[in-house]
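Trainee: Only the shape, not the letters, is given here:
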């Protein structure tokens, strides 16, 4: 078990540059055998955000992968939810032939996965996993109601990391349910952590110079006028989720995460299921360098090449495209 890279399940809205950088970091760490991409689920944005996640996955992985290695991106289809403006340029960018600049698996809504199913399936296909909650908690909460899921999470999820970017969670009731019912250790990455660790925007082009075009760099540039230094909320949380023993972070004692009616979060020391993260001040500079490397490095090709590579178009739990079936849920529901 110790030799098996830990699976990562990412619940995101993909509306901030740190989310795009974190997704890249997850695939870079996977390429280095530090982790394994379990699943990505978009909640709180539309199809373009899911398509962006698919594009990044295609670009950052290698070879052909089978269905058990490549869950389709989960997407919560909700009326009235605006798409992520940040991803528009990357999704619509064309090459000199007028074709999409970036390869993709998803072509339509039916190619995405049910959100609660893909969150659970991301755990099913890994011996051990971590879950990173950055977007609305709606479907992570619903996944807890799928038959047998709490036991599954208790057995296989090492930790849940909840990110606070300062933007209130859009489903306070669901977030409270997750915090109250989650069966394994919970860690809170407060806004102060991301605010203290900022990506140097002036280095963006140099950092991604290894590719002639990169959707993550496109998203960063699209978020707001350059140059700017983006707080690394999700990137820091990702690093802790995968490398909790790196020594870069300090942990509080036990406490709880209070969720206001508007979705704002606050860590409250005392009895409770959670601990809060803080940066070791003496290691802040080294941590920032590590996060930048995680988020901008060129993924490492597998060596030697052979079976079991990643990067392909396998789809599980889809919405009805190409034999996947939107209605496919994990066994037992």
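Mentor: The structure has been received and is ready for your questions. Every value quoted in this text rests on a predicted model; they were computed, and no experiment measured them.

Trainee: Would you map the strands across the chain?
Mentor: Counting by DSSP state E, the segments of the chain that form strands are 6-12, 35-42, 74-75, 129-133, 157-163, 186-189, 198-199, 230-231, 249-251, 255-259, 265-269, 274-279.

Trainee: For the last one, the averaged confidence score.
Mentor: In other words, strand 274-279. Mean pLDDT, strand 274-279: 98.

Trainee: Tell me which other helices or strands that strand touches.
Mentor: Contacts defined by 3 or more C-beta pairs under 8 Å, 6 or more residues apart in numbering; DSSP states H and E place strand 274-279 against strand 186-189, helix 191-196, helix 233-242, strand 249-251, strand 255-259. All C-beta atoms are positioned from the backbone trio N, CA, C, and that covers glycine.

Trainee: And the contacts of it?
Mentor: 162, 179, 185-190, 192-193, 196-197, 236-237, 240, 248-257, 267, 287 (C-beta atoms under 8 Å, 6 or more residues apart in numbering).

Trainee: Now which of the residues you listed would you call buried?
Mentor: 162, 179, 186-190, 193, 196-197, 236-237, 240, 248-249, 255-257, 267, 287 (16 or more other C-beta atoms under 10 Å).

Trainee: how close does residue 90 get to residue 202?
Mentor: 21 Å (C-beta to C-beta, to the nearest Å).

Trainee: which ones are touching the nearest residue to residue 93 once chain neighbours are set aside?
Mentor: Leaving aside its sequence neighbours, residue 93 sits nearest to residue 101 (C-beta to C-beta, 6 or more residues apart in numbering; 4.1 Å). If you count contacts by C-beta under 8 Å, 6+ apart, residue 101 has them with 90, 93, 94, 95, 213.

Trainee: Let's see that with 10 Å instead.
Mentor: Each residue near residue 101 by C-beta atoms under 10 Å, 6 or more residues apart in numbering is listed here: 55, 89-95, 212-215, 218.

Trainee: looking at the helices and strands packed on strand 274-279, which is closest to residue 124?
Mentor: Taking C-beta to C-beta, helix 233-242 is the member of the helices and strands packed on strand 274-279 nearest to residue 124, at 18.3 Å.

Trainee: I figured residue 180 hits residue 256, correct?
Mentor: Yes: applying C-beta atoms under 10 Å as the test, residue 180 and residue 256 come out as touching, 9.2 Å apart.

Trainee: shared neighbours, these two?
Mentor: In contact with both residue 180 and residue 256: 272, 273, using C-beta under 10 Å, 6+ apart.

Trainee: How many residues are close by residue 107?
Mentor: Other residues near residue 107 come to 11 when the count uses other C-beta atoms under 10 Å.

Trainee: Count the neighbours of residue 103 for me.
Mentor: Residue 103 has 13 neighbouring residues, counting by other C-beta under 10 Å.

Trainee: before we move on, the earlier item: quick check: the residue nearest to residue 93 vs residue 217, distance?
Mentor: Applying C-beta to C-beta to residue 101 and residue 217 gives a distance of 12 Å.

Trainee: Touching both of the two, which residues are there?
Mentor: Between them, residue 101 and residue 217 share the contacting residues residue 90, judged by C-beta under 10 Å, 6+ apart.
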